[in-house]
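In: Build me a structure from this.
(2 chains)
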Amino acid sequence: MLITFDWLAAQKQFATLYKSITYTRFMAQLVVILLSFFTWHVSAQAHESSTAYLSLDETASNASERSATFEIAVRDLALLLPVDANQDSAVTWGEISAQTQAIQQLITLQIKLSAETDCQPVTFEPLMLSQRAGFSYIYQRYTLGCAGPIDQIDYQVMQGVDSNHRLIFTNARSKSTNASTTPIRVLSTGISSVAPQTWISQVKNFAGSGVRHLLIGWDHLLFLFVLLIPAVYTRSSSGALQPVTHARPALIELLWVATAFTLAHSITLTLAALQIISIPSRLIEALIALSIALAALNNLMPVFRIRAVFLAFGFGLIHGFGFANVLSDLPIGFGERVLALLSFNIGIELAQILVIVLLFPLALLLRRTSFYRYGVFIGGSVISILIALWWVYERVWM
Amino acid sequence: MNKLSTRWHFIKLITSVFLVSLAMSAAADAAPYIPQNPSAVIETLPSDMPAARYASAADIGLSNPSKGESVGNRTEQISTLLNRAYLEGDPRALGQARAILDQTEEKDTDLLMLEARALQSDHQFEAAKTVLEQILKLEPSNPDALLTLSSLLLVEGDFEQALELCKGLNQIDLMLYRLGCQAGVNSMTGSLESTKESLAALAQAAPTLDAGTARWIYLMQADAAIRSQDAELAKQVFTVMDAQTVPALMARADWLLKHGEYARVIKLLKGRENQDALLLRLATAQLASCSPEAKTSLQLLGERIAVWEQRGENAHMREQATYELLRGHDAKALEVARDNWDQQRETADLLVYATAVLRTNSEQDLKTINQFIDQTGFEYPALTAQLKAGSIPSVERSSC
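Out: Numbering: from 1, shown residues only, chains lettered A, B, ... in the order given. Predicted coordinates for the structure are as follows:
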């Protein structure tokens, strides 16, 4: 029995974009049971502390200027400026607007960014209102005159007012310096270094993560194995296996299979890592195991009357959701998430190529031997089916 | 050649899908706006909001004026803020209390006690313990320090030491606190039924006590009622306990949720969405009763959890683990629940850990839980049975 509602994870960052999916009632029931055990008398309750946001972005028109956006909760602003002039506890937009000059003064004097020299606000856009997690925030966009990459911030807003206040700082890519977006940084009040990471180091980090993820993930490796072992055979019209006579077409076919798998998992990995779609990992893990069993079975008796490249694509869609667990929870912004995704995919692809480069020559060399035909191809497929079915059982019923 | 062309078109198609999905994501951010009506109320502040630090733009350039408060004033301010943080679920009040504490160089025992409470509320247990031990060195029989340290050790699962500290409350006028302190420990270590009797006796005296002490007793009773599934006790407690403060509302909502009274939970918590603990329960009730408003509540919850994650806070691991379970991210849920278990060991922490363990089949973690139950004699008959059965069962299924 199912209920339908818009998926929570997608809403976290992309508030207006919803994807309706089905969600089992079991989940709701689980929460009921979990909450019923919660105690209330000792520890602090779940809550959200005072948080402000500063985002920088290089303007298109002038390399020495950056557009900046500062957001602060009205609740926090009320501790700094008299935004409730009539003291009726209800803050109106008119009362906030009357403090525009003071808000701009606050930004000028208490958020000091340094590049080669100190940066200064040049122009302020009209004050706006935004919503974050259900709370009202003042949204002030302004232009900052700044030469060179910003490497330091002296942040004094809320200093001495709320010790748990934090500034979430992002600095978008600077074209002039070839530096990429910094990861989100969470800063306390005071002076902090915010020198940007180069995009090359970020690509290296995530590509390395992709390589590691494929090589230590037994299920992905096993899937690659069951796709790889039939690459040195062709099937006659009667279904009999014939060793390939030339290596080149077999290698090209295998590379197409690997590419289809990569493209497919890139799509679902993107959708999941950008939190557009989220599917319970238990379901995905079970489907991944099932895909291995079916692919291995397809080696022994063709169940899918389609080319291996399409089969790899279809199953790759499932595996992409499995890869996404690594990226979906990273506290990074959209631009970095895309860079992370691309780098991570490159890492996975490199690891796949490594596996193919190591195993394909061996398979090619041994394809005419009984050891390969019966031991590796048939035996390997049977063992893969058994392992994968065990995983299915383990992931669904245990 | 044809095959190559077909493949090329196929790849172009799926690449387009990939790029379109990226573009859709980029366009999905919520936009800020300028309200058209200057009279539109955009935020409601707490009624006891302190005066703003700066009176005007000109003041911002000045160094902070000294307010010249006496220590007595500070103590009162911090105490008020900590109470608001706890009773109204207002985290900003906790941060403000800590800011005043940070600016106070010389602290007497009262201020140290408040510092310990602030640290405890912020889940900085080790730092809180250090401060409490410092107080007990100065005043070995300080009842606040004894009781707070005992409750802290109780949360950490150090029951023996927690009970030992209760014994330090040995003056006759502290007898009620000693019994309450012992009841809290005993209820976790194999004496749930006898604890209920002790708490019943204390509850008789509760109407004559200050509101905080009475609430403390009632909340322990409510916990015992839920664990022993005692409807009669729950009815008694919820008749006398307030229905305004956040801890009391949490307790009421939990009882109602457990008994499937979702409509009552929604009625109780509607309009309290600013308090995350209440929002979590409201969303649960809305979800379980197939209310279309569940979508909005869950969205808010998701956004707030995203902020916790961005801030790297560890004070919400229990809730975060629950959230991961809801998303079906079992491995992540186990990781968070395990970290949370290392930090605190209340019933709710055990349950979320156990659920994650059973969902991921982690034998090592299951062993950890079973050892805890065996060693402490922890009682929750229903939970223990579910652990033995190897699953946390769901309630009756129905469709929306």
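
In: Tell me the buried residues in whichever strand or helix holds A:Ile153?
Out: Following DSSP states H and E, one finds A:Ile153 within strand A:152-155. The neighbour-count check on strand A:152-155 (16 or more other C-beta atoms under 10 Å in any protein chain shown) flags A:153, A:155 as buried. To be clear about C-beta, it is placed using only N, CA and C from the backbone, and glycine gets the same treatment.

In: any idea which helix or strand comes after it?
Out: strand A:166-171.

In: That next one - contacts with which helices or strands?
Out: strand A:51-58, strand A:152-155, strand A:185-187, helix B:294-311 (3 or more C-beta pairs under 8 Å, 6 or more residues apart in numbering or on different chains; DSSP states H and E).

In: Give me the nearest residue to the residue in the stretch 201-350 of chain A that chain B sits nearest to, chain neighbours excluded.
Out: In the stretch 201-350 of chain A, no residue comes nearer to chain B than A:Pro280, which is 2.2 Å away by C-beta to the nearest C-beta. Nearest-residue entry for A:Pro280: B:Gly328, 2.2 Å, with adjacent residues in sequence omitted and distances by C-beta to C-beta, 6 or more residues apart in numbering or on different chains.

In: May I have the phi/psi pair for residue 161?
Out: With no chain named, the answer covers chain A. Backbone torsions of A:Val161, given as degrees, to the nearest 10, read phi -100, psi -40.

In: wrong one, chain B
Out: phi -70, psi -40.

In: List, one by one, the residues from the stretch 201-350 of chain A near chain B.
Out: Within the stretch 201-350 of chain A, the positions near chain B by C-beta under 8 Å from any C-beta of the partner chain are A:256, A:259, A:263-264, A:266-267, A:270-271, A:274, A:276, A:278-283, A:309, A:313, A:325, A:329, A:331, A:334, A:338.

In: so the residue nearest to A:Pro280 makes contact with A:Ala272?
Out: No - counting by C-beta atoms under 8 Å, B:Gly328 stays clear of A:Ala272, with 11.5 Å between them.

In: Next, show the common contact partners of those two.
Out: Counting by C-beta atoms under 8 Å, 6 or more residues apart in numbering or on different chains, the shared contacts of B:Gly328 and A:Ala272 are A:278-279.

In: more crowded one of these two?
Out: Using other C-beta atoms under 10 Å in any protein chain shown, the more surrounded residue of B:Gly328 and A:Ala272 is A:Ala272, with 24 against 21.

In: Can you get me a residue count around A:Leu362?
Out: A:Leu362 is flanked by 12 other residues according to other C-beta under 10 Å.

In: typed the wrong thing, it's B:Gln310
Out: 18.

In: Same check on B:Ala55?
Out: 12.

In: give the contact list for the residue lying closest to it once chain neighbours are set aside.
Out: Spatial nearest neighbour of B:Ala55, chain neighbours left out: A:Pro82 (6.4 Å); criterion: C-beta to C-beta, 6+ apart. Counting by C-beta under 8 Å, 6+ apart, A:Pro82 makes contact with A:99, B:51-52, B:54-56.

In: for those residues, which one is nearest B:Ser39?
Out: A:Gln99 (15.9 Å; C-beta to C-beta).

In: Need phi/psi at that closest one.
Out: Torsion angles, degrees, to the nearest 10, at A:Gln99: phi -100, psi 10.

In: Can you check the pLDDT for the closest residue to it other than its chain neighbours?
Out: Counting by C-beta to C-beta, 6+ apart, A:Leu81 is the residue found nearest to A:Gln99 once chain neighbours are left out, at 5.0 Å. With respect to pLDDT, A:Leu81 has a value of 95.

In: Against which helices or strands is the helix or strand encompassing B:Glu133 packed?
Out: For B:Glu133, the host element (DSSP H and E) is helix B:125-138. Helices and strands touching helix B:125-138, by 3+ C-beta pairs under 8 Å, 6+ apart, are helix B:109-121, helix B:143-156.

In: per-residue confidence averaged over the helix or strand hosting B:Gln386?
Out: Per DSSP H and E, B:Gln386 falls inside helix B:381-389. Helix B:381-389 comes out with an average pLDDT of 80.

In: what does the stretch 51-200 of chain B have sitting close to chain A?
Out: Residues of the stretch 51-200 of chain B lying near chain A (C-beta under 8 Å from any C-beta): B:51-57, B:60-61, B:64, B:85-86, B:89-92, B:94-96, B:98-99, B:101-103, B:120-123, B:151-152, B:154-155, B:184.

In: Pull the contacting residues for B:Ile34.
Out: A:126-129.

In: can you pull out the helices in the stretch 1-150 of chain B?
Out: B:2-26, B:57-60, B:71-87, B:91-102, B:109-121, B:125-138, B:143-156 (DSSP state H, counting those that start in this stretch).

In: I'd like those written out as JSON lines, with mean neighbour count and mean pLDDT added.
Out: Formatted as JSON lines, the helices of the stretch 1-150 of chain B follow (neighbours: other C-beta atoms under 10 Å in any protein chain shown; pLDDT from 0 to 100):
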{"stretch": "helix B:2-26", "mean neighbour count": "13", "mean pLDDT": "49"}
{"stretch": "helix B:57-60", "mean neighbour count": "16", "mean pLDDT": "84"}
{"stretch": "helix B:71-87", "mean neighbour count": "18", "mean pLDDT": "86"}
{"stretch": "helix B:91-102", "mean neighbour count": "23", "mean pLDDT": "92"}
{"stretch": "helix B:109-121", "mean neighbour count": "22", "mean pLDDT": "93"}
{"stretch": "helix B:125-138", "mean neighbour count": "16", "mean pLDDT": "94"}
{"stretch": "helix B:143-156", "mean neighbour count": "22", "mean pLDDT": "92"}
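
In: Tabulate these (JSON lines), appending distance to A:Ile111.
Out: What follows is the helices of the stretch 1-150 of chain B, written out as JSON lines (distance: least, C-beta to C-beta, whole Å):
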{"stretch": "helix B:2-26", "distance to A:Ile111": "27"}
{"stretch": "helix B:57-60", "distance to A:Ile111": "12"}
{"stretch": "helix B:71-87", "distance to A:Ile111": "26"}
{"stretch": "helix B:91-102", "distance to A:Ile111": "19"}
{"stretch": "helix B:109-121", "distance to A:Ile111": "27"}
{"stretch": "helix B:125-138", "distance to A:Ile111": "30"}
{"stretch": "helix B:143-156", "distance to A:Ile111": "38"}
